[in-house]
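A.B. asks: Dropping the sequence and predicted coords here.
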Amino acid sequence: MAKKSFGEIKTAFFTGHRNIDAQTQTQISFVLDYLLKTMYNSGITKFYAGGALGFDTLAALAVLRLKKNFPDVTLELVLPCKNQTKFWTGEDVETYNYILSQADRVEYMAESYTSTCMHERNDRLVELGDIGVAFLEHSGGGTAYTVNHALNQEKEIINVYDMLISLHK
């Protein structure tokens, strides 16, 4: 698979860690607003998010903010299962339901949780997106798997974590 040139890139997917402290979440939101507007100006209008807590939620909310100014932007959710919020807090479920209600399209990997639905969701995100936007701070877990899978598919990854580190230097 040949890498797409920047002008050919029209879609982006998100992947990132779930547990992010409040201060870092604020910084991520700031960086995402700038980054997504830059991506939009280069022709990227379709964004895929996986619906998880943490970075996925921050990214989906940033897409919805972008969409207010640019109505041709679409947010498509690729979700592991219909009951993924079963053990979430009320506030997290409320935010999730808001994002779900604003999404242009929703795709589920399974009706209810299976041992493979998260992995399938991650693979599907990589399949759909031309470029990935990640928050990868450490080399373990689903985010690292998804980033490595995307790199193996010769897809570019923009790591917001690296952007934050360079801002603090």
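C.D. replies: Sure, I can see it.

A.B. asks: contacts, neighbours, all on C-alpha from now
C.D. replies: Fine.

A.B. asks: Packing partners of the top strand by length along the chain?
C.D. replies: Longest strand of the chain, by residue count under DSSP state E: strand 74-81. Applying 3 or more Cα pairs under 8 Å, 6 or more residues apart in numbering; DSSP states H and E, one finds that strand 74-81 contacts strand 46-49, helix 55-69, strand 105-110, helix 117-128.

A.B. asks: Check which residues of the last one are buried.
C.D. replies: Judged by neighbour count (16 or more other Cα atoms under 10 Å), helix 117-128 contains these buried residues: 117, 118, 120, 121, 122, 124, 125, 126.

A.B. asks: from what I can see the fifth one touches residue 50, true?
C.D. replies: So the one you mean is residue 122. Yes. Counting by Cα atoms under 8 Å, residue 50 is a contact partner of residue 122 at 7.5 Å.

A.B. asks: For these two, list the residues in contact with both.
C.D. replies: residue 15 (Cα atoms under 8 Å, 6 or more residues apart in numbering).

A.B. asks: Each with direction, which strands does the longest strand of the chain pair with?
C.D. replies: strand 46-49 (parallel), strand 105-110 (parallel) (DSSP bridges).
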